[in-house]
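Novice: Let me see the structure of the following:
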Amino acid sequence: MDVALSNVDLDKFIKEVETNGLNMRTAKDIKPTTDIDDLFDNSGHVIYFHDNNDGSGVGHWITLLRTRNKEYAFIDSFGKSPDYYNKDIMKMMKYNKDKVKSLEINKKKLQGDESMVCGKYSIILTALNKKGMKPEDMVNYLKDGGKKEKSVDKFIVKLFGE
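Specialist: Okay, the predicted model is just below:
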């Protein structure tokens with residue numbers, strides 16, 4: 001079943017997997033001079049909601065991850081760059097250059113164009129990050145699972161038991 005998740009669904013799942021909650025942010029939270037530690041709020045992730053700005057509340061979920069070694073990753077399930085969604089993301093990363101050892105940007109498209117499972121991608125990526133998996137390995141894990149299920153979207157839905 002290809003159903004979009006709400007922020008309530010995301011928060012519920014994260015709590016069920018015994019994490020410390022969900023660090024969700026929007027464009028208003030990311031400015032060129034945002035302190036990255038404040039943005040991540042003692043977590044290893046930011047689930048960023050990109051609003052379509054049409055008043056519908058519909059948009060796209062994107063994942064920013066941080067390891068204990070100050071390594072960061074931007075993973076968009078469509079494989080688009082941070083600037084596609086918000087030019088302030090890269091400006092913020094440059095502003096925090098002393099706190100950012102590295103930044104990996106996923107350019108591999110995982111999600112189908114008509115799919116509405118981006119929130120599920122964010123949840124899975126957050127859970128895999130908490131388990132210590134490297135961002136590149138996460139993407140490969142999802143791609144490999146997608147080969148078995150005929151699409152990464154179907155693999156993501158299967159992980160949710162649907």
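
Novice: Please, where are all the strands along this structure?
Specialist: Under the criterion DSSP state E, the chain contains strands at 24-26, 45-51, 59-66, 71-75, 102-105.

Novice: Roughly how far does the residue positioned nearest the centre of the chain sit from residue 135?
Specialist: Closest residue to the average C-alpha location of the chain: residue 63 at 1.5 Å, with CA atoms, centre = their mean. Plainly put, residue 63 is 9 Å away from residue 135 if you go by CB to CB, to the nearest Å. Backbone N, C-alpha and C define where each C-beta goes, glycine included.

Novice: Likewise for residue 141?
Specialist: Residue 141 is 11 Å from residue 135, by CB to CB.

Novice: More neighbours: which of those two?
Specialist: Per other CB atoms under 10 Å, whichever of residue 141 and residue 135 has more neighbours is residue 135, with 21 against 15.

Novice: residues in contact with the closest residue to the more buried one other than its chain neighbours?
Specialist: Using CB to CB, 6 or more residues apart in numbering and skipping residues adjacent in sequence, the residue nearest residue 135 is residue 73, 3.6 Å away. Counting by CB atoms under 8 Å, 6 or more residues apart in numbering, residue 73 touches 63, 64, 65, 66, 103, 104, 105, 106, 135.

Novice: one more time with 10 Å, if that's ok
Specialist: Residues near residue 73 by CB atoms under 10 Å, 6 or more residues apart in numbering: 45, 63-67, 102-106, 125, 129, 134-136, 138-139.

Novice: can you give me the helices in the chain?
Specialist: In the chain, the segments counted as helices under DSSP state H are 7-16, 36-40, 82-85, 88-95, 118-130, 135-149, 152-159.

Novice: Turn those helices into a markdown table, columns for mean pLDDT and distance to residue 24.
Specialist: Below are these laid out as a markdown table (pLDDT from 0 to 100; distance: least, CB to CB, whole Å):
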| stretch | mean pLDDT | distance to residue 24 |
| --- | --- | --- |
| helix 7-16 | 58 | 6 |
| helix 36-40 | 94 | 11 |
| helix 82-85 | 95 | 15 |
| helix 88-95 | 96 | 15 |
| helix 118-130 | 87 | 9 |
| helix 135-149 | 88 | 19 |
| helix 152-159 | 84 | 19 |
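
Novice: Fine by me, we can end here.
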